[in-house]
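1. what follows is a protein structure lacking sequence information:
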């Protein structure tokens, strides 16, 4: 059966890497009886007497090396810090040993692939030239398992991995290092529900050359025969083998159990794991909110349900969404959900993964920004040659990134700030910009707003008004104010029969009015004369006896501005 290649596809967990490399490369020295000569044992279990080709072995002795040295990356050396060794197999063929690590009391090596079965002699030349010799039995297989603490006992250097019908779910340790006690402690193995599969991934040596028989490799966990789906070379480290064991749901809640791996009738060193109780499967009931727009932040994204303790939220697809500041209880998960401006719109599936399995999914929808809408602008006139602070009011303005004028000539926009209900900006109009009405829109990722008008004002020195007569301001019964001016307009625009605009500033800004009317009593083409406009405002009245300042100018046509007259009137 092909291996489930967690080692290369997913990467061995750092915990497992550290435990395996401690023996293979860093050379954590095992406790072993010293006799003045050398003893040869499995580099995983430290059981003496038997090794297998392409297996990891350890030589124990005294004064073997002057210090501790690990092999550099790349091809394994046959001489390390002055130490070398060879293995003479049962046929008399001598082969140099590749070395992982040397220290004064321990040397780790790789048994050559072509070593023949039978009694072999290991000869080691120490750093000082002294020769050591020992014997070991070579068999096709000599199973040993690596342990978390590099003793060959206790917890395995292993992980357990969860899968469901969609594929890989999680990779988890079976033991963790407790810093205060400086000991490895069990991390309970939580076997998934029936809808999931749980694999225990063990690492050892001397296993890969077992026969093809389905019974050549067996694993008994807690007294239960478990399926071994793969047992062979791990491929990342020379000499390292991987064993994938399927843990059945029947082991759920068994507590501390023994793992007994047997290869071709030979037992590996027994190790133990703790199997906890699988929690109830999580279930989701509601999301709040169920949708939001791009470029927004949901400060309290809430998932309601049951059995959520220890849950990890999954959002698929997750592109453009970031969930942070997550808090988890048995019935609720909350966090801050940030939706990026470029997040793809559409439905997302939200689920929760716990030790009890994967929940049902609920739908969260990412909506595009709504199209902005303009309802008003202040001021409604812009003076040529000046920069004006403008506020555009409306709805769905928060994503606005630009203001576009038609035509754009002579307009420069800066300092744009958008909120949900307004856009403010500094708008500079060139001194030579054409006067008259301009239309503009605001643009966001949601779209382009409705068009709105604003007037560019440019004073024409040939357009002159004089002889301002205002008032009196009366209540008849509503607010009434007559205004009369004399004009000189060589262009004839005032007398053209088209509307003119009278701009009134009453009471130093208390009342600003642009009045649109067609002058009467003028002949077409008349370049001077008198025009009168009477302001009537229903529902308003003057307070009698006040003298109120007023400024007046004319536009003919819109945006072509006369000079400004200043006057006052008395209310009655």
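-> Cool, got the structure. All values reported here derive from a predicted model rather than from experimental measurement.
2. in the strand or helix carrying residue 120, what counts as buried?
-> Under DSSP states H and E, the secondary-structure element containing residue 120 is strand 118-125. Neighbour-count burial for strand 118-125, with 16 or more other CB atoms under 10 Å as criterion, is recorded at 120, 121, 122, 123, 124, 125. Placement of C-beta: from N, CA and C, glycine included.
3. export those to CSV and tack on distance to residue 420?
-> Compiled in CSV, the buried residues of strand 118-125 are given as follows (distance: CB to CB, whole Å):
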residue, distance to residue 420
120, 81
121, 84
122, 79
123, 83
124, 78
125, 81
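4. of those, which is the nearest to residue 211?
-> Distance ranking of the buried residues of strand 118-125 against residue 211, using CB to CB, places residue 120 first at 21.8 Å.
5. give me the beta-bridge partners of that closest one?
-> Residue 120 forms beta bridges with residue 136, as assigned by DSSP bridges.
6. quick one: contacts for it?
-> Residue 120 makes contact with 87, 88, 89, 90, 135, 136, 137, 138 under the criterion CB atoms under 8 Å, 6 or more residues apart in numbering.
7. how long is stretch 243-260 end to end?
-> With CA to CA, to the nearest Å as the measure, the ends of stretch 243-260 fall 12 Å from one another.
8. pull out the buried residues from it.
-> For stretch 243-260, the neighbour count (16+ other CB under 10 Å) marks 243, 244, 245, 247, 251, 252, 254, 257, 259, 260 as buried.
9. which residues touch the helix or strand hosting the second one?
-> Using DSSP H and E, the secondary-structure element containing residue 244 is strand 241-247. Applying CB under 8 Å, 6+ apart, the external contacts of strand 241-247 come out as 3-4, 6-7, 145, 160, 189, 191, 197-208, 217, 219, 221, 226-234, 259, 261, 275.
10. quick one, which of these are buried?
-> By neighbour count, with 16+ other CB under 10 Å, the contacts of strand 241-247 hold 3-4, 6-7, 145, 160, 189, 191, 197-208, 217, 219, 221, 226, 228, 230-234, 259, 261, 275 as buried.
11. immediately after the helix or strand containing residue 377, which helix or strand?
-> Taking DSSP H and E as the criterion, the element that holds residue 377 is strand 373-378. On the C-terminal side of strand 373-378, the closest following helix or strand by DSSP H and E is strand 381-383.
12. what packs against that following strand?
-> Using 3 or more CB pairs under 8 Å, 6 or more residues apart in numbering; DSSP states H and E as the contact criterion, the neighbours of strand 381-383 among helices and strands are strand 422-429, strand 452-459.
13. next one: the last one to chain centre, how far?
-> For strand 452-459, the gap between its own C-alpha mean and the chain's C-alpha mean amounts to 47 Å (CA atoms, centre = their mean, to the nearest Å).
14. re earlier: what strands line up against the strand holding residue 244, and which way round?
-> According to DSSP bridges, strand 241-247 has the following sheet partners: strand 197-205 (antiparallel), strand 224-233 (antiparallel).
15. centre of the chain to the first one, how far?
-> On the basis of CA atoms, centre = their mean, the separation between the geometric centre of strand 197-205 and that of its chain is 31 Å.
16. mean confidence for that strand?
-> Confidence for strand 197-205, expressed as mean pLDDT, is 96.
17. next structured bit after it?
-> Stepping forward along the backbone from strand 197-205, the first helix or strand reached (DSSP H and E) is strand 217-221.
18. list the contacts of residue 153.
-> Residue 153 makes contacts with 147, 269, 271, as judged by CB under 8 Å, 6+ apart.
19. again but with residue 226, I slipped
-> Under the contact definition (CB under 8 Å, 6+ apart), the residues listed for residue 226 are 200, 219, 220, 245, 246, 247, 248.
20. which one of those residues is nearest to residue 101?
-> Distance to residue 101 across the contacts of residue 226 (CB to CB) is lowest for residue 200, with 27.5 Å.
21. that closest one and residue 230, how far apart?
-> 12 Å (CB to CB, to the nearest Å).
22. same question, residue 436
-> Using CB to CB, one obtains 81 Å as the distance from residue 436 to residue 230.
23. ok, now residue 195?
-> Distance, residue 195 to residue 230, by CB to CB: 22 Å.
24. isn't residue 529 up against residue 485?
-> No: with contact defined as CB atoms under 8 Å, residue 529 and residue 485 do not form a contacting pair (10.0 Å).
25. neighbour count winner among the two?
-> Set residue 529 next to residue 485 and count neighbours by other CB atoms under 10 Å: residue 485 wins out with 22 against 16.
26. tell me the contacts of the more buried one?
-> Residues 465, 466, 467, 468, 469, 530, 531, 552, 554, 565 are the ones in contact with residue 485 under the rule CB under 8 Å, 6+ apart.
27. quick check: the fourth one touching residue 565?
-> Yes: counting by CB under 8 Å, residue 468 does reach residue 565; the two are 4.1 Å apart.
28. joint contacts of these two?
-> With the criterion set as CB under 8 Å, 6+ apart, the overlap between the contacts of residue 468 and residue 565 is 485, 552.
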